[in-house]
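Participant: Give me the fold of what follows.
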Amino acid sequence: MRYLTFNELREKLGGRGRTTIYRDIAAKRLPKPIKLGGLNYFPEQAVDDALLGRADSSNTASRSLKGRG
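Facilitator: Numbering: from 1, shown residues only. Predicted structure coming up:
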């Protein structure tokens, strides 16, 4: 399993801002990070699943992430 750093997550999301990413995490549109040694890492597969709407069956995750920045 590959883990993304916060900056890698930002790149994957097209340069999305820090505050917006944390809002998406709070709204459960993105997975919570895993904290290791004071740094946050995001499981890449969980991020991909959230972007494709696999995290919930209604597919609201991918729709709500489109166009946000």
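
Participant: now the helices for the chain?
Facilitator: Using DSSP state H, the helices of the chain run over residues 6-12, 18-26, 44-51, 60-65.

Participant: Any chance of CSV for those helices, columns distance to Ile34?
Facilitator: C-beta coordinates here come from the backbone N, C-alpha and C atoms, glycine included. Below are the helices of the chain laid out as CSV (distance: least, C-beta to C-beta, whole Å):
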stretch, distance to Ile34
helix 6-12, 12
helix 18-26, 12
helix 44-51, 10
helix 60-65, 19
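
Participant: can you list these in a markdown table and add mean pLDDT?
Facilitator: A markdown table is the format used below for the helices of the chain (pLDDT from 0 to 100):
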| stretch | mean pLDDT |
| --- | --- |
| helix 6-12 | 96 |
| helix 18-26 | 96 |
| helix 44-51 | 95 |
| helix 60-65 | 46 |
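
Participant: of all those helices, which lies closest to Gly38?
Facilitator: Comparing the helices of the chain by their distance to Gly38 (C-beta to C-beta), the top pick is helix 6-12, with 12.0 Å.

Participant: Nearest spatial neighbour of Asn40, chain-adjacent residues omitted?
Facilitator: Among residues not flanking Asn40 along the chain, Pro33 sits closest, at 3.6 Å (C-beta to C-beta, 6 or more residues apart in numbering).

Participant: With adjacent residues omitted, what lies nearest to Arg10?
Facilitator: In space, Arg10 is closest to Arg16, 5.9 Å off (C-beta to C-beta, 6+ apart).

Participant: Kindly give the local confidence score, pLDDT, for the residue at the greatest distance from the centre of the chain.
Facilitator: The outermost residue of the chain, judged against the average C-alpha position, is Gly37 (20.0 Å), by C-alpha atoms, centre = their mean. Listed pLDDT for Gly37 reads 93.

Participant: Let me have the helices of the chain in CSV, extended by mean neighbour count.
Facilitator: Shown next, in CSV, are the helices of the chain (neighbours: other C-beta atoms under 10 Å):
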stretch, mean neighbour count
helix 6-12, 15
helix 18-26, 14
helix 44-51, 17
helix 60-65, 15
